[in-house]
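Undergrad: coordinates for the following, if possible.
(one chain, ligands or ions: 1)
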Amino acid sequence: MALLIMKLAVVYIIRNYEIDVCEDTNIKVEASLMDFVLDFEMFGIEALVLVVFSLLLYILLRKNANYWKWRNVPFEKPWPFIGNVLDVVLLRKNMAILMGDLYSKYSNERYFGVWIFTVPHLVIRCPELLKQILVKDFVHFIDRSVQCNESVDAFSANMMFFSKDKKWKFIRTKTTSMFSSGKLKYIFPQLQLIAKNMISFISKRNNKSIYTADLAQKFSTEIICSVAFGIDAHSFQDNDTLFTKVGKDVFKPNLKNSAVSATYFCKSYLVDILRLKFVDTRIEKFLTTTFMGIIGERQSMPTKRRDLVDLMADFRNKYKLKDHEVSAQAAQFFLAGYETTSSTVTFALYEIASNQDVQDKLREEINNNLNDEEEFSYNAIMSMCYLHKVALETLRKYPVLPFLGRTCTRDYQIPNSNVIIEKGTSVFIPLTGLHWDPKHFPNPQKFDPDRFSEENIRARHPYCYLPFGEGQRACIGERIALISIKLGLAHLVKNFKLELEKGTEVPKFSANWN
Ligand code: HEM
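TA: Okay, here's the model as predicted:
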């Protein structure tokens, strides 16, 4: 290109002018031997730097590509820089499907190695080894592998999900009481009211069909706002409330959210270099202002709720916590509970509408458990076996958080092997692989709640089904999620016959990292 421009310039000048050297010309074009030596040296240094750099890069890439080979771990051959996630980067598969496929490919192994970009991950397949890692040898795997930079994103770093070691222990112990069965019984009437509001909302639509994902999002917004913020978000009155908008924004499958989710798997340097935040500043501000406002109101007008708001207000005074440390916990429950609950309700409704035999059986159980006010008591919801099986089967077929991750925090020798998992290594547990493994769940794509009969549960290894994780870092909201999902489904099936509208697509996991 440069040559072409030069040639054009010369042709243009020569065609139009005669050129000669005059007296004023003071730049002599001379080339001394010294200049050539100097030029050669310059070129030589650049070439040398280039060669050394290429060599170092080659050595590093080779060392990284041999990471699992040198440790005697079966592995999937990686691409330079991309590792094994080319299909994900090209949006041909999402991470959940890719890991499910690799899980099937290494069907004879207890574990295998992969690279997510340049970061080696150990994928665990064997349920017994999972039990060791998640429970028995938990002290070696306390932290989640997700990365978060406290100096850039102090808000997320203070959430239970992202926090590490001692900070995590502190937050978890202090908030566990929020999720006891006593607390659950206490808030049950609020949850029932939300389910009834959902039914009135549908009834007002006069038999017009409903987009279930939207309905489920409204339902879960109401539940989480009530649990975490102690407020009514008015989702069944307005079109989209601020809270529903926030939930949709955080989980919208776009490039930015995918990039942020992708860092889940990368070492912290990428999060540091790109100064990535899990929660957008705008959303952080909204959640903090709302929660701190509610705490302020409660201080002037105390209630007897003893919920998260009261608990956090006490902690703020007792431990001298900053605003973002306090509100991070409420935001945490909103972010962890909103999408998971709403997706599970959506998938359950799809399966109930697709399988009329399941729906009939479910309706029969539900009608047998109504009280005189045509409502469900806490005990009735807890005792409905088939409803429980429908919820569990939905979470098997659609594990809405499709993988668990842990970082090895102390070198760990895999039992019955010579393999040492080094401190800092990310360990990855693909729930799609386990839940869709025909060895554990024959004909896995069939929706069959009876897989969760007592007899079938006994016949399986308990660690091949982990929708809420396991061990000390398992989902803290499991009980509240299950009771809300079951209550919502019970009210819907009691009141309506569910059918798929013509052209309804088979739901699939969104085409991003989640
Ligand atoms: C269907 C609904 C839900 C599903 C499937 C789900 C699933 C999960 C999973 C798989 C984990 C990771 C567990 C592990 O690493 O072993 C998790 C963590 C967590 N979940 Fe849930 N979740 C749901 C609802 C909720 C709700 C409603 C809340 C709160 C109100 C919640 C709060 C949390 C928190 C705080 C953590 C982090 C726990 C810790 O690090 O100690 N989740 N959840």
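Undergrad: and the pLDDT for D24?
TA: D24 is assigned 65 on the pLDDT scale.
Undergrad: tell me if I'm right that L387 and E364 touch.
TA: No. With contact defined as C-beta atoms under 8 Å, L387 and E364 do not form a contacting pair (11.0 Å). Yep, even glycine has a C-beta here, placed from its N, CA and C like the rest.
Undergrad: alpha carbons of stretch 193-210, in PDB - could you do that?
TA: What follows is stretch 193-210, C-alpha atoms only, in PDB (Å, rounded to 0.1, in the frame of the first residue of the first chain):
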ATOM      1  CA  LEU A 193     -50.500 -14.300  48.800                       C
ATOM      2  CA  ILE A 194     -48.000 -13.800  45.900                       C
ATOM      3  CA  ALA A 195     -49.200 -17.000  44.300                       C
ATOM      4  CA  LYS A 196     -52.900 -15.900  44.600                       C
ATOM      5  CA  ASN A 197     -52.000 -12.500  43.100                       C
ATOM      6  CA  MET A 198     -50.500 -14.400  40.100                       C
ATOM      7  CA  ILE A 199     -53.800 -16.300  39.600                       C
ATOM      8  CA  SER A 200     -55.900 -13.000  39.700                       C
ATOM      9  CA  PHE A 201     -53.400 -11.500  37.200                       C
ATOM     10  CA  ILE A 202     -54.000 -14.400  34.800                       C
ATOM     11  CA  SER A 203     -57.800 -14.400  35.400                       C
ATOM     12  CA  LYS A 204     -58.000 -10.800  34.400                       C
ATOM     13  CA  ARG A 205     -56.600 -11.600  31.000                       C
ATOM     14  CA  ASN A 206     -59.900 -13.400  30.000                       C
ATOM     15  CA  ASN A 207     -58.500 -16.600  28.500                       C
ATOM     16  CA  LYS A 208     -55.800 -14.800  26.400                       C
ATOM     17  CA  SER A 209     -52.700 -17.000  26.100                       C
ATOM     18  CA  ILE A 210     -49.800 -16.000  28.300                       C
END
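Undergrad: of L387 and E364, which one has the most company?
TA: Taking neighbours as other C-beta atoms under 10 Å, L387 and E364 compare with L387 leading, 27 against 11.
Undergrad: which SSE is the more buried one in?
TA: helix 385-397 (DSSP states H and E).
Undergrad: which residues touch that helix?
TA: With C-beta atoms under 8 Å, 6 or more residues apart in numbering as the contact definition, helix 385-397 has outside contacts at 344, 347-348, 351-352, 358, 361-362, 365-366, 381, 435-436, 441, 444-445, 447-453, 465, 467-468, 482, 485-486, 489-490.
Undergrad: of all of the stretch 201-350 of the chain, which residue lies closest to the ligand?
TA: Nearest to the ligand, among the residues of the stretch 201-350 of the chain, is G337, at 2.8 Å (C-beta to the nearest ligand atom).
Undergrad: surely that residue is in a helix?
TA: Yes. Under DSSP: H, G, I helix; E, B strand; the rest coil, G337 sits within a helix.
Undergrad: what pLDDT does it get?
TA: 90.
Undergrad: over to I19?
TA: I19 carries a pLDDT score of 69 in this model.
Undergrad: assess the claim that the residue of the stretch 201-350 of the chain closest to the ligand and S226 are in contact.
TA: No. Taking contacts as C-beta under 8 Å, G337 lies outside contact range of S226: 10.9 Å.
Undergrad: which one of the two has more residues nearby?
TA: G337 (24 against 20).
Undergrad: for the closest residue to that one other than its chain neighbours, give me phi and psi.
TA: Nearest residue to G337 in three dimensions, chain neighbours excluded: I224, at 4.5 Å (C-beta to C-beta, 6 or more residues apart in numbering). According to degrees, to the nearest 10, the main-chain angles of I224 amount to phi -70, psi -40.
Undergrad: which ones are touching I224?
TA: Neighbours of I224 in contact, by C-beta under 8 Å, 6+ apart: 333-334, 337-338, 341.
Undergrad: so where do the strands sit in the stretch 351-500 of the chain?
TA: Counting by DSSP state E, counting those that start in this stretch, the stretch 351-500 of the chain has strands at residues 403-407, 412-413, 420-421, 426-430.
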